[in-house]
Each structure stands twice: as C-alpha cells, then as structure tokens.
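# Here is the input, now give the coordinates:
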Amino acid sequence: MKKNLLILLLTVAIRTTAQTVCGYVTDAQTGERLPNALIYNSTTKATALSNAYGYYSLAHTAKGDTIVARFVGYVTAQTVVKNAEKTNISLEPDNRKLGEVEVRGESAFRRELQQPQMSHHYISATQIKTNAVMFGEADALKTLQLMPGVNSAADGSTNLSVRGGSYDQNLILLDEATVYNPAHTMGLFTAFNADAMSGVDLYKGDLPARYGGKLSAVVDMKMREGNNQHVAVQGGLGTIASRLLVEGPLKKDTASFMLAGRVGYSALVNTFLWAVNSQEVLYIDDLYDAYDRLEGTDVRFYDFCAKVNWVKDENNKFYLSGYASKDGFVCPILAISTKQNWGNQTGTLRWNHIYSPNLFGNATLTYSNYKYVQRQTNDVRNFEWQSGMRELTLKNDLDYYRNRMHITAGAAAEMHFYNPGQIEPLSDSSAVKATHLDKKRALQLSAYIGNEHKITDRFTLSYGLRLSSSIQLGPATVRNYTSMPIFADTTVYGKARVVKSYWRAEPRLAASYSLGDNATLKASYARTVQYQHLLNNSALGMPTDIWAPADSYICPQEADAFAVGLHGYMPRTKIEASVEGYYKKMYHIIDFCDNAEIVGNNHIETEILSGKGRAWGLEAMLRRDGKRGSVLMSYTLSKAERQIDGVNHGDWYYAVYDQRHNFAINGLLKLSERWSLSSTWRYHTGGRTTMPIAMYSFEGNEVGIYSERNGYKMPDFHRLDASAIYDFKRNAGRRWKSQLVFSLYNVYGRKNAYSVFARSFVETGFQGYMMYLYKWVPSITYNFTF
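Have a look, this model is predicted:
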C-alpha cells in the first residue's frame, strides 16, 4: 500500500513540474506556418490550437510524451517530445486524390467544436479555388457569401452584409492592414489574388477582444509567407485576367519571398459591355437601346502582392509585406465623359517574438491608403475630383498560456487622415470652381485583455474587455513655407487641437458547454463600436464612397450582439451541422435626410440624421466531406430594420440589406482521375430600395412621388454557376502540374436585378426599369504550377 502511494505521489509530482512545450506548426514542403492547427497530448489529453502565426503552447507536457498535430488537408503527425521546451511540428500535405481517402485531415469546424468561439468561419485557399468562379477568377469574398448570415448587395457584388449590417461595418484586413475598397470593376471582382492568400477568417458577431473599430464583422486575410525550401511558380491564363506567383527561399529554412500579380486586360471590356447593356423594363420589354454609347469604353485593373520573411533565430521572426491595386474605368453607358481611377496600397512590418514557452508577442506597424480620382471631360464642367483616406497603425499583441487559460492582451494607436474631396477645374472654360473640402484627422486608441478559460472538461468560458477612443484633431497652427522653393506647398502643423473625443468600453463574453464528444452548446455577447462613417446613399458600394470620422455632429455607431447556437458532428454520416440564432441592436446608425446633397458638401453633417437599428436571424449550415467530393448547404432567415427621426416619418423601415430568406448550396464532385465538377446555386429574396411610385409635371419638370424609405422590394435573386476542371496527366519525376477550368456563370440565364430606376416618356408614361448583369458568361482558364 505504501509502495503504491509513493508511486502515485511521484507521478503527480512529475506531472506537476512538467514544463510547457511550445513551437510552430509548419508545412513540411514549404515551411509555411499553419494557424488553427489542433495539437494534443495523447498521454495527458491536454489540447491547444496554434494561433494566427502558427505558434502553439501545450501545458502539462513532459519530455517523452507523444503529441499529435492535425490540420485540414495534411497528414496527422505524431511527435515525441525530446526538448523540454521547444518542439516544432512539420505536417506533410495529404496529396492523395479524392476517392482514396475520405477525410483529409480535420476540418476547422471540428477543431473548434470544443472551443467557445462561435459565428466563425475559416476558408482555406483550396476551398476558395474549388468553388464555381466568375470569369475564371477565384474570389475569397464571394466564397464567404455562401456562409449563413452573409448577404450580397446585388448580383456580382463583392460587398458583404453580415447579420443585417451594411458593408462599411465590416473590417477588411490583409496581413493586419485595413483595405477600404476591396473590389475591382465596381464590385465585379474582389481585389485580392486567391493564389497569394493562405486563408480567410470571418467573424460574424462573436468578435475576439483583439478586433475592434467596426460594428458587424471581421474578414481577416493572410498572405502566403513564401516557400523556404525551393523555388515554386504558379499562375493562370484566362479569357478575362491572368496571374502569376513566384516564391522561394532567399536562404533555405531562414528567409523566403513571395511575389504575386494579376491583371485584367482588354477582353474584360467586352464582358463588361455585355453586362451593363442588359437593361430591361420591369413591366414592359425592350423600350430603348443604349448601344450607341459603347465607343470609348475601357475597363482595366491590376493588383500586386509581395512578402518577405526572415527567421533571425528560434525566438524571432520578421515579416514585411505590401499590396497595391488600381482600377481604370471608363463606361459611357453608365457615365458620359467620365474617367475614374481608384486604388489601394497597404504595407505591413511585423515581428514575432517568443518571450518564454508561455508568452508569445507580435508587434505590427501597418499603413493603408485609398485614393479615388474622377475626371469629367468634354463637358462644360471639365473638372477633376480627388478623395481618399490614409491610416497608420502601431500595435502590440501578446498571447499568454497558463494551464487551462489562454490570455490575450494588447494595445494599438491608429492615425487616420481623411480627404473628403478636392475639386479642380481642368480648363479655363470649365464651369466648375476649385473647391477643397475640409480635411480631417482622428487618432484612435485601444487596449484590450481577454481570457479563454477551460473551467472543466465540458465548460469553457471566454471573456474580455476592450477600451477604445477616438479623438478628432483640428488643424491647430498652420505654417506654409511657400517662399522657399525646397519647402514649396509644404504645410506644417503645430500642436494638435482636440475638437472632440469619445471613449467607450466594449465587453466580450462567450461560453461553450460540451454535450458529448460531438456536440456543443454555445452562446456569446459582444459590444462593438465604430468611429468611422461611410457617407454613401447606395448599397452597391462605389469608388466615390466618402469616409468621415465621428465628430461633434456624428456620434460613433454602437451595437450589442447576442447569439446562441448548437454545433455538432455526426460520425456515421460524417456531417457537420450548426444552428445559430442572433439578435443585434444598433445605436447612432446614420442615414441621409430626404434629397440630401452629398458630393462637394463641406457641411455634410447637415444632411445626416442618426437613430437606431435592429436585426435578428436564424442560421443553419450543413457540410459533408466524402470520398468523392463535398457539399455545403446554408440557410438564413433574417430581418433588418432602422428607425431614425426625420426619416420615413419617424417610423421603422427596412434596411437596404433586408433579405428575408437566403439559401446557398455548393458541391464538388470528383468524376474520375482527371475530371471534377463544381457548382453553386444561390437564392435570396430581393433587397430593399426607394423607388418613385408616380411622377407629375410641374413647371415643365418631372417630379417623382416616392414610396416610403426602402419600401420597394427588389425581384428575388437566384443563380446557378458551374465549373468543370480537367487535370492534365503529370509525368513521373516532373514538378509541372496543370489544369483547364471551364466555367459558366449564370447557367440558366436568370436576369437578376443589379439596380432599378424609373423614367417618364410621353408615349408610354411612367415606367420602372432594372439593369441586370451576366445573362450567360462562359470562361476558360489554364492554371499551372511547377
């Protein structure tokens, strides 16, 4: 008895003094670090997930223990702990074809089943590329539209409405830098090259404390780090756009680079013409033809990504990445004698540091710039209008692991520069006068702390608090050194004057209770605050969008979001299922008063009213991965409303994104060793807009009589897209792989409304119209890698 008791005490003592094991989870072939990988100790059953940078920390693990690592698309690995503190894990990609293996790794859904995080979707680069695509281009943001609770503004649009919020309420991040206009060609393409992305995280309501600044959702995209083992090339040649990516080691296992570019060329013009000329009367057909204004149309875009990373030693790694995109848009059908250019630039410098096995740090400096230029030519107006904004952010984030707790903390400072508009005449004969709207500056500060605490084997609680502020800064002292040539047109600001400041607390709370190995009940609450406002009266999202900070006239937007859900996995059928219900209450939501003057208004606050909003919904999702393919289905029942004194007589009215039913199904089927099929079908009830219901003549002018605010329901939307993929035979010993992708967008030619408008004619009287896009759009893309 004494002997057995002594052995037990020694065992407990050894386990008590067992050190925490930490390290990185990486791709064995490229060295790419893998986020959200599952690591567990087969002896103690302790578990951990790697963070956004592939780092993990596993407590209660001693030398000689066996730890197991799993990640979707990779072969499960087992490693015996040899170093009492550092154990890096390399995972081999599972290159077996569909049909030879049923489940390739463990999905993100099952990895998070026992975690309190809810309302979250992780989309890998592979999933993005296997969806049926438009014009042969894989699209991360359009893939997110397949998720429950996510709507689009119109057919082909990349703008996302998440749980009743508008698209400006989404935080779009690329390597932690904010992207303010994530679209090419008026929203027909996303501005991100899918080849350069390693994955996308979507948070729909249960926002971790480290995220803030926007009301509804976070879309966090990460660039690939670059292959640190060998040089690799991949790309695609398509009928609309082409792309190329090159990556490789600068020094094997130590430093690597990644370069990726994409360009949309002249063929895009014909496709766009096909789209925008599809104009049809809602009540009678073929009233007039707009083809006489085709001449002079030009639609082009490009985007470019670059990244370099360097491993200084086992505790320090540095990253430097950059992104640039630009669009040129001339389309007389939509805007006569108008040339538009817009673009984004971002830069990120990041330092990962391991302070100890329990403490991981990430320091980041980011820069974002968005600029829009419009030129009106061959017109008496003949002017150029420029607007945009810039952002500079410095932040530091910490991850601390201790026993059953994962504590996160950090702080950030963001400087925002707003240019609402600068108008310059282009000739002496122009009727437009030079106008410079007041530029604005705002400093946003934030600090947060959060803890994910596994209280029992079944119950986990996540709680946190984010403190944030926005300080609007005035111009203060201004000095122009125009007399000295070297300082010409240079403006120097003195001590900043605080015009208005806001301070807010944002609590976050989430909990999960395990009902067994394969089912979990979850609930969450999040308070979010948004200090920026988008001044635009369109749901489509245009490059002319103007941003403005919260100031003395416009308060920050705030929201309380509640959610509860049941998540489960059915081993026999291998089906992942989830059901979530949410309720969101919003405060200080803005809208324009009737007949608002937006463009060129230096006192835009006089055109804005604020009020409250509410949104509720029920979301369901099913997913199954099988031997020969996969299928995903999602459904959302939702309602979104606004109430603002001075708008719609002070009564509640529908938000433009209100879509009662939203259904999507996506499938991938492997037909043979060479052929596979992918298809997507989507349906949602029409969104909301304000339309004239009648017109009358007054002193020779046509005057519209409008419905209640957003009282007109757009026609219902549904569309089927399909792709066929042919993989060419790969010769033994050769790295060259290639495939042909045949895509058909809008298979059965549904005429979905892109926008609606009204006109009055002498012959026919008042008529309503819609403009639809893409009756049928076929495309062919040749993809290759070596």
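# for stretch 228-239, which positions count as buried?
Within stretch 228-239, the residues that count as buried by 16 or more other CB atoms under 10 Å are Asn228, Gln229, Ala232, Gln234, Gly235, Gly236, Gly238, Thr239. C-beta here means a position set from N, CA and C on the backbone, and glycine is covered the same way.
# quick one: contacts for the second one?
Applying CB atoms under 8 Å, 6 or more residues apart in numbering, we find Gln229 in contact with Gln29, Thr30, Gly31, Pro249, Lys252, Asp253.
# returning to what we had before: of the buried residues of stretch 228-239, closest to Asn352?
Of all the buried residues of stretch 228-239, Asn228 has the smallest distance to Asn352: 14.8 Å, by CB to CB.
# With respect to Gln739, which of the buried residues of stretch 228-239 is nearest?
Of all the buried residues of stretch 228-239, Gly236 has the smallest distance to Gln739: 9.3 Å, by CB to CB.
# Please, which helix or strand holds the closest one?
strand 232-238 (DSSP states H and E).
# what lines up beside that strand in the sheet?
Strand 232-238 pairs in its sheet with strand 241-251 (antiparallel), strand 777-785 (antiparallel), by DSSP bridges.
# Now do the last one, average pLDDT.
Averaged across strand 777-785, the pLDDT comes to 86.
# in it, what counts as buried?
So strand 777-785, judged by 16+ other CB under 10 Å, has buried residues Val777, Ser779, Thr781, Asn783.
# thinking again about what came up before, which of the contacts of Gln229 count as buried?
Buried among the contacts of Gln229 (16+ other CB under 10 Å): Thr30, Gly31, Pro249.
# sorry, back to before: would JSON lines of the buried residues of strand 777-785 with distance to Ser723 be doable?
Output for the buried residues of strand 777-785, formatted as JSON lines (distance: CB to CB, whole Å):
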{"residue": "Val777", "distance to Ser723": "12"}
{"residue": "Ser779", "distance to Ser723": "9"}
{"residue": "Thr781", "distance to Ser723": "9"}
{"residue": "Asn783", "distance to Ser723": "12"}
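# Closest one of those to Arg750?
For the buried residues of strand 777-785, the residue nearest Arg750 by CB to CB is Val777; the value is 12.1 Å.
# From Lys775, how far out is the spatially closest residue to Asp645 that is not a sequence neighbour?
Residue nearest to Asp645 in three dimensions, not counting chain neighbours: Gly611, with 6.2 Å by CB to CB, 6 or more residues apart in numbering. Using CB to CB, to the nearest Å, Gly611 is found at 40 Å from Lys775.
# Ala434 now?
44 Å.
# Nearest the middle, which residue of this protein would you pick?
Central residue of the chain (CA atoms, centre = their mean): Val219, 3.2 Å from the mean position.
# what's the span of stretch 131-141, first residue to last?
Start and end residues of stretch 131-141 are separated by 12 Å (CA to CA, to the nearest Å).
# if you average pLDDT over the strand holding Gly236, what comes out?
pLDDT averaged over strand 232-238 gives 90.
# for stretch 70-87, same thing?
On average, stretch 70-87 scores 79.
# next one: it to chain centre, how far?
31 Å (CA atoms, centre = their mean, to the nearest Å).
# that older thread, return the member of the buried ones among the contacts of Gln229 nearest to Thr573.
Closest to Thr573, out of all of the buried ones among the contacts of Gln229 and judged by CB to CB, is Thr30, at 34.0 Å.
# quick one, phi/psi of the closest one?
Reported as degrees, to the nearest 10, the phi and psi values for Thr30 are phi -120, psi -20.
# if I read this right, it contacts Val231, doesn't it?
No: contact criterion CB atoms under 8 Å: Thr30 and Val231 do not qualify, at 11.1 Å.
# any chance of the contacts of Gln229 in JSON lines, with pLDDT and distance to Ser469 too?
Below are the contacts of Gln229 laid out as JSON lines (pLDDT from 0 to 100; distance: CB to CB, whole Å):
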{"residue": "Gln29", "pLDDT": "85", "distance to Ser469": "46"}
{"residue": "Thr30", "pLDDT": "85", "distance to Ser469": "41"}
{"residue": "Gly31", "pLDDT": "85", "distance to Ser469": "40"}
{"residue": "Pro249", "pLDDT": "93", "distance to Ser469": "44"}
{"residue": "Lys252", "pLDDT": "90", "distance to Ser469": "46"}
{"residue": "Asp253", "pLDDT": "88", "distance to Ser469": "43"}
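# and which of the residues you listed is nearest Thr348?
Gly31 (19.2 Å).
# wouldn't the closest one be in contact with Ala232 here?
No: contact criterion CB under 8 Å: Gly31 and Ala232 do not qualify, at 11.4 Å.
# just the helices in this protein please.
Assigned by DSSP state H, the helices in the chain fall at 2-16, 108-111, 125-130, 140-144, 267-276.
# hang on, the earlier thing: overlap of the contact sets of Thr30 and Val231?
Glu247.
# picking up where we left off before, could you redo the strands paired with strand 232-238 as JSON lines and give each row distance to Tyr370?
Converted to JSON lines, those look like this (distance: least, CB to CB, whole Å):
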{"stretch": "strand 241-251", "distance to Tyr370": "22"}
{"stretch": "strand 777-785", "distance to Tyr370": "29"}
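# Met147 is nearest to which of these?
Nearest to Met147, of those and by CB to CB, is strand 777-785 at 23.7 Å.
# Now do the nearest residue to Lys326 once chain neighbours are set aside: how many residues are near it, please.
Spatial nearest neighbour of Lys326, excluding adjacent residues (CB to CB, 6+ apart): Gly343 at 3.7 Å. The local packing of Gly343 (other CB atoms under 10 Å) involves 21 other residues.
# Give the bridge partners for Gly343, please.
Gly343 has these beta-bridge partners by DSSP bridges: Lys326, Lys371.
# thought it was touching Gly328?
No: applying CB under 8 Å as the test, Gly343 and Gly328 come out as separate, 9.5 Å apart.
# before we move on, the earlier item: who has more neighbours, Gly611 and Lys775?
Each of Gly611 and Lys775 has its neighbours counted (other CB under 10 Å); Gly611 has more, 18 against 15.
# burial measure for Phe329, as a count.
A total of 22 residues lie near Phe329 under the criterion other CB under 10 Å.
# gap between it and Gly343?
11 Å.
# where in the stretch 651-786 of the chain is pLDDT low?
Counting by pLDDT under 70, the stretch 651-786 of the chain shows low-confidence ranges at 697-702, 733, 758-769, 773-774.
# where along it do the strands fall?
For the stretch 651-786 of the chain, strands defined by DSSP state E, counting those that start in this stretch occupy the ranges 653-654, 661-670, 675-684, 688-689, 692-698, 701-706, 712-713, 717-727, 737-745, 753-761, 765-772, 777-785.
# Equivalent analysis for the stretch 151-300 of the chain, please.
160-162, 170-174, 177-178, 183-184, 189-190, 197-203, 217-223, 232-238, 241-251, 255-264, 279-281, 298-313.
# Buried deepest among those, which one?
Across the strands of the stretch 151-300 of the chain, averaging neighbours per residue (mean count of other CB atoms under 10 Å) puts strand 160-162 on top, at a mean of 29.
# what helices or strands is that one leaning on?
Counting by 3 or more CB pairs under 8 Å, 6 or more residues apart in numbering; DSSP states H and E, the packing neighbours recorded for strand 160-162 are strand 150-152, strand 217-223.
# I'd like those strands laid out as TSV, including mean pLDDT and distance to Met258.
Shown next, in TSV, are the helices and strands packed on strand 160-162 (pLDDT from 0 to 100; distance: least, CB to CB, whole Å):
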stretch	mean pLDDT	distance to Met258
strand 150-152	86	28
strand 217-223	93	7
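# could you dump these to CSV with distance to Leu521?
Below are the helices and strands packed on strand 160-162 laid out as CSV (distance: least, CB to CB, whole Å):
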stretch, distance to Leu521
strand 150-152, 23
strand 217-223, 23
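# So for Thr44, which of those strands sits nearest?
strand 217-223 (31.0 Å).
# relative orientation of that closest one and strand 298-313 in degrees?
Interaxial angle, strand 217-223 versus strand 298-313 (axes from the mean of the first three to the mean of the last three CA atoms, to 10 degrees): 70 degrees.
# ok, and what's touching strand 217-223?
Residues outside strand 217-223 that contact it (CB under 8 Å, 6+ apart): 35, 52, 140-141, 144, 160, 162-163, 165, 169-176, 192, 196-205, 207, 211, 258, 305, 307, 321, 323.
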